[in-house]
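Enquirer: no FASTA, just this:
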């Protein structure tokens, strides 16, 4: 299997349209070739005139841990080119930065989840390119969560930096395919090209889109492995809850817990409420003590999600439903538990973080309603999932 960057480097005919043009690269630490050379170095070595670089959230270096930690602009010490932050003073490329190139190559490893901000950064880049008459090429990479669709569609008025458009939480597209959908949905007049992958098989075992012989490199500091990428469409909701999502441990966004819950009882209640939502993975009771972030230096009772090895069933695993069910079980066991964090989330100051994450209040309202049942959430989400399956079909490349 070859990623887009590797095909571009291997085929002079693919690179030919870039001759004589100034090229910008939007990248992060996971932007590497199959031999682990960073894409910037490889593109320069291939003779491209790389005139600028752009970095998404967490920075080109991937050094910034948490949300709302901004990266500065700087000059690359090796090549002397400007490096513009798209998660600093601005989220959208400025007119000044757009004048430094003719074609932008986007080489970002995504996680296949609406809330992962590289999705929104791609949209903002496409919109700026349309405004300034620039080209955008996506050097495509796998969606490690594969093709499955899950979650509620973002509702009108809930757009944000973690909600680029009306898609469900788990969209099942590659970044290259998402760009095609963005252009059609927002009616953008932009020169766009996808350097497709070769041999990408998102429905095939054992990797279901992620090649098992390809080394995993964190695309963001807490995206440490394939298990996290698979669980993320559910565990990311913990950023809007008072429960720890494992930041400050070595397995962030693969687990959840708190000092004042009984994880064994929570798991039993989850099994009682909707055992079918727990399929495709193993849930293991754990104890953990975060070294930073929520519940720092406090012993927490929790559950670790294992969507890997012999426990993983790609078709059965439903991470968004699983995490929603955990919220529901905690509400049933602890009706007055202060479950939802009230703090500014991704620069949204007047909405609860859990609602920003879900693109509307429906999930929180379902979890908080003592009378609601798992089937009620299913009826909402299944309609959204079916509609998205039909809408995305024309934009699939693989």
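Expert: Everything's here; your move. What you see is a predicted model; the values in this text were computed from it and never measured.
Enquirer: is it correct that residue 23 is in contact with residue 53?
Expert: No - Residue 23 lies out of contact with residue 53 (C-beta atoms under 8 Å); the separation is 9.9 Å. C-beta coordinates here come from the backbone N, C-alpha and C atoms, glycine included.
Enquirer: so these two - more neighbours on which side?
Expert: Between residue 23 and residue 53, counting by other C-beta atoms under 10 Å, residue 53 is the more crowded of the two (24 against 21).
Enquirer: you'd agree the more buried one is up against residue 27?
Expert: Yes - counting by C-beta under 8 Å, residue 53 touches residue 27, with 6.7 Å between them.
Enquirer: now do the shared contacts for the two.
Expert: Residues touching both residue 53 and residue 27 (C-beta atoms under 8 Å, 6 or more residues apart in numbering): 40, 60.
Enquirer: with adjacent residues omitted, what lies nearest to the residue positioned nearest the centre of the chain?
Expert: Per C-alpha atoms, centre = their mean, the C-alpha nearest to the average position across the chain is that of residue 116, at 3.0 Å. In space, and not counting its chain neighbours, residue 116 is closest to residue 110: 6.1 Å by C-beta to C-beta, 6 or more residues apart in numbering.
Enquirer: same question for residue 177.
Expert: Counting by C-beta to C-beta, 6+ apart, the nearest residue to residue 177 once its immediate chain neighbours are dropped is residue 395, at 5.1 Å.
Enquirer: next one: the one helix or strand in the chain whose mean pLDDT sits lowest to chain centre, how far?
Expert: Here the helix or strand of the chain ranked lowest by mean pLDDT, DSSP states H and E is strand 74-75, holding a mean of 90. Here the centre of strand 74-75 is set off from its chain's centre by 26 Å, with C-alpha atoms, centre = their mean, to the nearest Å.
Enquirer: give the next helix or strand downstream of that strand.
Expert: Downstream of strand 74-75, the next assigned helix or strand under DSSP states H and E is strand 82-85.
Enquirer: which helices and strands sit right next to that following strand?
Expert: Contact here means 3 or more C-beta pairs under 8 Å, 6 or more residues apart in numbering; DSSP states H and E; on that basis strand 82-85 packs against strand 49-55, strand 74-75.
Enquirer: for the stretch 251-398 of the chain, which spans come out with low pLDDT?
Expert: Scanning the stretch 251-398 of the chain for pLDDT under 70 picks out nothing.
Enquirer: can you map out the strands along it?
Expert: For the stretch 251-398 of the chain, the strands defined by DSSP state E, counting those that start in this stretch cover 255-258, 282-288, 300-306.
Enquirer: show residues contacting the shortest one.
Expert: Surrounding strand 255-258, the residues in contact under the criterion C-beta under 8 Å, 6+ apart are 235, 238, 242-246, 249, 263, 286, 288, 295, 300-305, 323, 326.
Enquirer: put the buried members of those into a PyMOL selection.
Expert: A single PyMOL command selects the buried members of those (16 or more other C-beta atoms under 10 Å):
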select buried, resi 235+238+242+243+244+245+246+249+263+286+288+295+300+301+302+303+304+305+323+326
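Enquirer: any low-confidence regions in the stretch 51-200 of the chain?
Expert: Short version for the stretch 51-200 of the chain, where the test is pLDDT under 70: 61-71.
Enquirer: any idea where the strands of it begin and end?
Expert: 74-75, 82-85, 103-107, 135-139, 191-195.
Enquirer: and those as CSV, adding distance to residue 8 and mean neighbour count?
Expert: Formatted as CSV, the strands of the stretch 51-200 of the chain follow (distance: least, C-beta to C-beta, whole Å; neighbours: other C-beta atoms under 10 Å):
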stretch, distance to residue 8, mean neighbour count
strand 74-75, 25, 13
strand 82-85, 21, 21
strand 103-107, 8, 26
strand 135-139, 6, 24
strand 191-195, 5, 18
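Enquirer: tabulate those strands (TSV), appending distance to residue 11.
Expert: Shown next, in TSV, are the strands of the stretch 51-200 of the chain (distance: least, C-beta to C-beta, whole Å):
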stretch	distance to residue 11
strand 74-75	31
strand 82-85	27
strand 103-107	14
strand 135-139	12
strand 191-195	9
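Enquirer: do you know which of these lies nearest residue 278?
Expert: Closest to residue 278 of these is strand 135-139 (C-beta to C-beta; 35.5 Å).
Enquirer: report the distance from that closest one to the chain centre.
Expert: Here strand 135-139 is found 19 Å from its chain centre; the criterion is C-alpha atoms, centre = their mean.
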